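J.: predicted model and sequence below, questions to follow.
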Amino acid sequence: MSINVFDWNSNGDNRTINLGSFEIDDVNWDGKVSISATAVPITGSGRSEKKHHSWKQASLSAIAEDISGNVGVALLYDTNIDPFYDVADQIDKSDLEYLEELSKSDGLCIKVTDGQLIVFEESKYESEPVVARIIRGSSNIIGEPSFKRKAKDVYKACEVSYYDTKTDKLYTGYFEAPNVGDVGHTLVLREQFNGESDDMNLDRKARARCREKNRNEWTCDATMKGDIIYFSGTNVEFEGWYRFDGVYHITNCTHNIGSGGYTTSLRTRRCLEGY
């Protein structure tokens, strides 16, 4: 599936965006046909089937490789972070649900798109150049963006600890979030590990937990004149809204094509700096 535009912003501005392959989930008829489809193969068991499985002496990339095979897609492991597990137990969880849980504990994300299961660092994608500057008063904006800043569940630091009963030692990791000012408290968490060879990088885990909590402190929803330059996982810069100005990461992008024309709806959050 793809979207093609011709002479869009100027003569000769002809572009195509490949949206990938989808499997049809359901078809409805109510005077017109509507089709729902998903990038995760329905014929696979990745999202729906709860499983019990155990890996021993395995890295996250190896577990992801196994799961991508089960889902029926190729794996793109787009990060140098590769935690190692003495034992990893999947208990009553689907393959993708369990992989997402493992990945999130070390600040990684997963998505399925265009026949690939991708494991990636969100912070790496947030550091990429912006695809567009959205300037107040621009004819490309439809209405006004909706900005929001929240103070609840925003933390200035995170401390993660693990107590080893065999050695009677307490291990701790700590991360202090930059640029949060006086907002927030310290998030205190306990970790558990299944074996001595587990990857216990507690500083990295503290950073990941802090990022997870603070990622939606600043958000913005905007509707734009339709353009295939926008898609999830890229960055845009808002300019002209004073305190809300900055670089934002697109978390959800919907291309709406209908009788009313072509618009693009963006759901974004401000990129985190320093973590």
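T.: It's in. Numbering: from 1, shown residues only.

J.: what's opposite Arg270 in the beta bridge?
T.: Note on Arg270: beta-bridge partners Tyr248, judged by DSSP bridges.

J.: how far does stretch 253-272 stretch from start to finish?
T.: 19 Å (CA to CA, to the nearest Å).

J.: let me redo that: stretch 254-269
T.: Stretch 254-269 has its terminal residues 15 Å apart, counting by CA to CA.

J.: and for stretch 159-168?
T.: So stretch 159-168: terminal residues 19 Å apart, CA to CA.

J.: and that stretch, which residues are buried?
T.: For stretch 159-168, the neighbour count (16 or more other CB atoms under 10 Å) marks 159-160, 162 as buried. Heads up, the C-betas are built off the backbone N, CA and C, glycines and all.

J.: would you mind pulling the contact partners of it?
T.: Contacts to stretch 159-168, defined as CB atoms under 8 Å, 6 or more residues apart in numbering, come from residues 169-174, 186-193, 196, 200, 202, 205-206, 209.

J.: tell me which of those residues fall in strands.
T.: Residues of these located in strands (DSSP state E): 169-174, 186-190.

J.: buried only: go through these for me.
T.: Here, 16+ other CB under 10 Å leaves 173, 187 buried among the ones in strands among the contacts of stretch 159-168.

J.: and which of the ones in strands among the contacts of stretch 159-168 is nearest to Lys150?
T.: Checking these against Lys150 with CB to CB, the nearest one is Leu187 at 15.4 Å.

J.: correct me if wrong: that closest one contacts Cys158.
T.: Yes. Assessed by CB atoms under 8 Å, Leu187 is found in contact with Cys158 at 4.3 Å.

J.: any common contacting residues for these two?
T.: In contact with both Leu187 and Cys158: 209-210, 213, using CB under 8 Å, 6+ apart.

J.: ranking these by neighbours, who comes first?
T.: Cys210 (28 neighbours; other CB atoms under 10 Å).

J.: quick one, what contacts the closest residue to that residue other than its chain neighbours?
T.: Nearest in space to Cys210, with sequence neighbours left out and distances taken as CB to CB, 6 or more residues apart in numbering, is Cys158 at 4.0 Å. By CB under 8 Å, 6+ apart, the contact set of Cys158 is 174-175, 177, 186-189, 206-207, 209-210, 213.

J.: and what of Glu176?
T.: Residues in contact with Glu176 (CB under 8 Å, 6+ apart) are 156-157.

J.: run the last query once more with 10 Å
T.: Neighbouring residues of Glu176 by CB atoms under 10 Å, 6 or more residues apart in numbering: 155-159, 186, 206-207, 210, 274-275.

J.: before we move on, back to that, what strands line up against the host helix or strand of the residue nearest to Cys210, and which way round?
T.: Take DSSP states H and E as the rule and Cys158 turns out to sit in strand 155-164. Looking at strand 155-164 with DSSP bridges, its partner strands are strand 169-176 (antiparallel), strand 185-190 (parallel).
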